[in-house]
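Novice: Give me the fold of what follows.
(chains A and B)
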Number of protein chains: 2
Amino acid sequence: MKKVSLLAPGPTPVPPRTLLAMAQPLIHHRSSDFLEIFGRVREGLKKIFKTNNDVLVFCSSGTGAMESAVANLLSPGDKAIAIRGGKFGERWTEILEAYGCQAVNLDVEWGYAVKPEDVAALLKADPSIKAVYVQALETSTGVAHPIKELAQVTKGTGAVLVVDAVSALGVYDIPTDEWGLDVVISGSQKALMLPPGLAFASIGPKALEMMKTSKCPKFYFSWAKELKNQGDNKGTFTSPVTLFMGLLDIFELIDEMGLDNIYKETEIKSKAFKAAMAALGLELYSKENASTGLSAVEAPAGIDAQDVVGWLKNKYAIFIAGGQAQAKGKIFRVAHMGYISEFDTLQAISAIEMALAGLGYEFDMGVGVAAAQKIFGEA
Amino acid sequence: MKKVSLLAPGPTPVPPRTLLAMAQPLIHHRSSDFLEIFGRVREGLKKIFKTNNDVLVFCSSGTGAMESAVANLLSPGDKAIAIRGGKFGERWTEILEAYGCQAVNLDVEWGYAVKPEDVAALLKADPSIKAVYVQALETSTGVAHPIKELAQVTKGTGAVLVVDAVSALGVYDIPTDEWGLDVVISGSQKALMLPPGLAFASIGPKALEMMKTSKCPKFYFSWAKELKNQGDNKGTFTSPVTLFMGLLDIFELIDEMGLDNIYKETEIKSKAFKAAMAALGLELYSKENASTGLSAVEAPAGIDAQDVVGWLKNKYAIFIAGGQAQAKGKIFRVAHMGYISEFDTLQAISAIEMALAGLGYEFDMGVGVAAAQKIFGEA
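Specialist: Residues are numbered from 1 along each chain as shown, chains lettered A, B, ... in the order given. This is a model prediction of the structure:
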């Protein structure tokens, strides 16, 4: 009977009408009806990615598309920069090493953004580096890396820029073509408001060229095969048809709202939530470039952040996320992306206040909620 | 308004109650509730696979799990037998070659089953062969390969047997442990009556041992990583939570019915359908080991099988499948697996009769339906 709230940075809540769109009887993945749906999905994704590039669709988690951006671009022994400012940045190194590539690790202190000049220096020092792998939004720290500037750094070089925008696409503006992003990756379960199960990769001309010489093995995640078949609106393998049906419904919702309005609303929720945390005397874990997609907040001294997360879950059935790896116990994370309203945000703030009070933190109950209400009221 | 019938050999129809189970609000993939669901999914799969081995779950189509059985067992240069009696058999060769392995192709005429003695001879001639890859049910021809006998052939050798049971699991009995099957692969969208998006791989002791020396790259499909994490009821990456919720519902349905009864009912539908085709004077494409999971039927001389498929789709909104590759235009295929009733089967027969009549084939209208009714009535 408890009313559950999902406020973790992915998977995010799915709109009820979309859940029902996906509860329609299945259609056959090789029927002409599905080819037409596949075509609409391809076009719709291009609009959200803001690109004329092909956007490939895979049935996998976002990691599958990340892996595809190593397997389809590089050959064993190739060097690539992995920008590591959090848990997802570290995944690039793991994938590169799994494929016998040399990861040039650019470690960034958690909570901070990469400096484009550091990437430029590495590329200048070693022109054999073939790719730069980065997160647009590092979900584990809440930090947005400077993607536009990184694209300017890689533009004149032989290296492609690969951007994991799983948590960023549809959250704030990342115009693939305008910024010249070679590869942009995303997934279904964040701002696209769907269950997990679809991953995407937009592939620009420089990446297409590099793909031709890649010798890493690939089959299920082969770009060449998918470019050919998806170009004919067919998945090479059995497409997850229900998620495609859901995605068409999401496109309608996004069209009604407008991408710019979605970015703006996400920003307001983020601003309100962050103001509430400040009013409670709490600090953000994201020391620079704090993203609008989620807030990563440090627990007060003496309070284990996992106790805050657990309090919300056990007492109120509200799901927020804790910290990962080195941030575990130190921070909690609350999402602003996707199908989350301002009142969901107020609910989160209110629940966090009650948890902190219960855990012995001293503050004036309600100041966080009031600070957020003020911002929502003005917006 | 047209009432759609999905009677192709996958994806198969999803029971309405399962569609609604999947339309429930999402839960968080790292919550303790989901860990519990993951544990129940693992146990439920073991029952259907009839194994004590770990059954890994991947978010992918069945092909992803097929690829995992190459990437996690072999090293570049390794030799493996690909049993190729249809389109899915050919896929083994493609995957092996993508990973730089040597495919020893054992070509079987489409419509026929592999001879275990041919596999035995190849293994004897070259003891360096490390694996035998086969389909339990080759969906493109409707033929069931002799899996039990193949397991007896590989048992005494250094080679593992990898069985693609995407179209066979839950259709007829393939007891993993009793037969000693080293690796069995399946997917969500056939007899498990779910949308596409989940793939499974059960991994036995001999395969676990071989895995340790495999040098092919793998990350998203890494068995070692998944064995460790799924052993703790956690996916390494974001699990497709809605399909897990659907799978729990399917387990209930299967438990209520009993696996043996499901095999039996599938067999009756198959028998009735095949009797109907015989009554119409049509021949099966499966010249031996015709499976119960689907029927692959040759169109009468002078009639393009694609016209039968198209007639059903365009006039009646009934989706059956045509032939693939060399069988295209020659055959049509109708599923008996999963959530397909005897009356769905009669509907298919009736529609095929009307299509054949419309396309100029001469026969006594109704003889197919009557032949099937007789079998259903006796069952």
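
Novice: Residue numbers of the stretch 51-200 of chain A in contact with chain B?
Specialist: In this structure, the stretch 51-200 of chain A approaches chain B at residues A:59-64, A:67, A:71, A:94-95, A:98-100, A:187, A:189, A:195-197, judged by C-beta under 8 Å from any C-beta of the partner chain. For every residue, glycine as well, the C-beta is placed using N, CA and C.

Novice: From the residues you listed, list the buried ones, please.
Specialist: Among those, those buried by neighbour count (16 or more other C-beta atoms under 10 Å in any protein chain shown) are A:59-64, A:67, A:71, A:94-95, A:98-99, A:187, A:189, A:195-197.

Novice: Can you tell me which of those residues end up in strands?
Specialist: Assignment to strands by DSSP state E places the following of these there: A:59, A:187.

Novice: So which of the buried ones among the residues of the stretch 51-200 of chain A next to chain B are in helices?
Specialist: A:62-64, A:67, A:71, A:94-95, A:98 (DSSP state H).

Novice: name the helices or strands packed onto the strand or helix carrying A:V297?
Specialist: Secondary-structure element containing A:V297, defined by DSSP states H and E: strand A:294-298. Using 3 or more C-beta pairs under 8 Å, 6 or more residues apart in numbering or on different chains; DSSP states H and E as the contact criterion, the neighbours of strand A:294-298 among helices and strands are helix A:259-279, strand A:331-335.

Novice: Highest mean neighbour count across those, which stretch is it?
Specialist: The highest mean neighbour count among these, using mean count of other C-beta atoms under 10 Å in any protein chain shown, belongs to strand A:331-335: a mean of 29.

Novice: which residue is nearest the middle of chain A?
Specialist: Closest to where the C-alpha atoms of chain A average out (C-alpha atoms, centre = their mean) is A:S167, at 1.2 Å.

Novice: I'd say A:L150 and A:V134 touch.
Specialist: Yes. Counting by C-beta atoms under 8 Å, A:L150 sits close enough to A:V134 to count as a contact (6.2 Å).

Novice: so what sits against both of these two?
Specialist: Taking C-beta atoms under 8 Å, 6 or more residues apart in numbering or on different chains as the criterion, A:L150 and A:V134 both touch A:114, A:161.

Novice: With neighbour numbers in mind, choose between those two.
Specialist: Between A:L150 and A:V134, counting by other C-beta atoms under 10 Å in any protein chain shown, A:V134 is the more crowded of the two (27 against 24).

Novice: Surely the more buried one and A:A151 touch.
Specialist: No. A:V134 sits out of contact with A:A151 when judged by C-beta under 8 Å, with a separation of 10.1 Å.

Novice: what residues are shared contacts of these two?
Specialist: A:L161.

Novice: ranges for the helices of the stretch 101-250 of chain A?
Specialist: Listed from the start of the chain, the stretch 101-250 of chain A has helices (DSSP state H, counting those that start in this stretch) covering A:116-125, A:147-155, A:176-179, A:205-211, A:223-231, A:241-257.

Novice: Mind listing residues that contact the fourth one?
Specialist: Going back to what we said before, that points to helix A:205-211. A:53, A:72-73, A:130-131, A:160, A:162, A:182-183, A:203, A:223-224.
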